[in-house]
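Engineer: could you work out the structure for the sequence below:
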Amino acid sequence: MVFLDEAGIIAHTRFFAVGCLKLAEPSILLRQVQHLRDCTQTYHEIHFNAVTRTSLPFYNAVVDLVAASDGHFSCFVVDREKNDPVARFGSPWLAYEKLAEQLLLGSIRPRELLVVLADNYSTPTNVVFEQDVRAAVNQRLKRLGVVSVCRLDSKSTDALQIVDLLTSAVAFEFRQAVGMAAKRNAKASLAKYIRRKYGVTTCLKGCKQGKLNVALYEGRRRRTASGAKIRATRLGSGLPRPARDGGLTRDL
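Structural biologist: Residues are numbered from 1 along each chain as shown. Prediction:
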């Protein structure tokens, strides 16, 4: 089962990220998080924007549980000042769909079947995110890979809230790098703690380390004046290779 969420507003914020947490048996992690909630009497929604010095120990404990689980977290980060998928695909909704599709394509293993639970967000009535993502992924895989996609309010499950936590923490480091986020506060401490738990120093250039995989959106392939191709992400063009180890492909 894959839980999918985003950080930022794709049509407005400079850094936008889509993340997914893939769990073979979600109930194990969810029971552990519920036990933590009961022990600490902490029942508010797990949300990166709600992290404070007071709540930081609870959030660190949640990260400990996730990092120790069988979950694999993958994230796709966009810097809209360098490459804007909204400009390329024509609308925020289609841009988000394409990012989600590529993230799932890079996260699925051969012969693996996924059920995707995605965070809900408001869209025009003619936008059918669930059907479009499922059909696009299966078409590009040339097999049944995504069985179903369903959008839920993040309050309905801690798993979606955890994806928000991890995805926002990755995006936070990118905002820090350009002076858009503080270097020393509770959120900075949590983002650093997450990187340390997953064994990475930075995600700014992308990374692939065990259960954590971060890729950067580089737009379509471009050519120099001499006609040479500049390497770029093949999002929306060409067929990506399915991941063989549960991580994002290099094409992503």
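Engineer: give me the number of residues near residue 7?
Structural biologist: By other CB atoms under 10 Å, 26 other residues sit near residue 7. Quick note: C-beta positions are derived from backbone N, CA and C, even for glycine.
Engineer: I'd say it and residue 171 touch.
Structural biologist: Yes: counting by CB atoms under 8 Å, a contact exists between residue 7 and residue 171, whose distance comes to 4.4 Å.
Engineer: hey, what's in contact with both of these two?
Structural biologist: Overlap between the neighbourhoods of residue 7 and residue 171 consists of 15-17, taking contacts as CB atoms under 8 Å, 6 or more residues apart in numbering.
Engineer: can you flag the buried ones in these?
Structural biologist: Among the shared contacts of residue 7 and residue 171, those that count as buried by neighbour count (16 or more other CB atoms under 10 Å) are 15-17.
Engineer: quick check, nearest of the residues you listed to residue 112?
Structural biologist: In terms of CB to CB, no member of these lies closer to residue 112 than residue 17, at 23.3 Å.
Engineer: would the closest one count as being in a strand?
Structural biologist: Yes: counting by DSSP: H, G, I helix; E, B strand; the rest coil, one finds residue 17 located in a strand.
Engineer: which residue ranges of the stretch 1-150 of the chain form strands?
Structural biologist: Remark: strands assigned in the stretch 1-150 of the chain by DSSP state E, counting those that start in this stretch are 2-7, 15-22, 72-79, 114-119, 146-152.
Engineer: in a markdown table: the ones you listed, plus distance to residue 39 and mean pLDDT.
Structural biologist: Conversion of the strands of the stretch 1-150 of the chain to a markdown table gives the following (distance: least, CB to CB, whole Å; pLDDT from 0 to 100):
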| stretch | distance to residue 39 | mean pLDDT |
| --- | --- | --- |
| strand 2-7 | 23 | 97 |
| strand 15-22 | 22 | 97 |
| strand 72-79 | 24 | 96 |
| strand 114-119 | 26 | 97 |
| strand 146-152 | 26 | 97 |
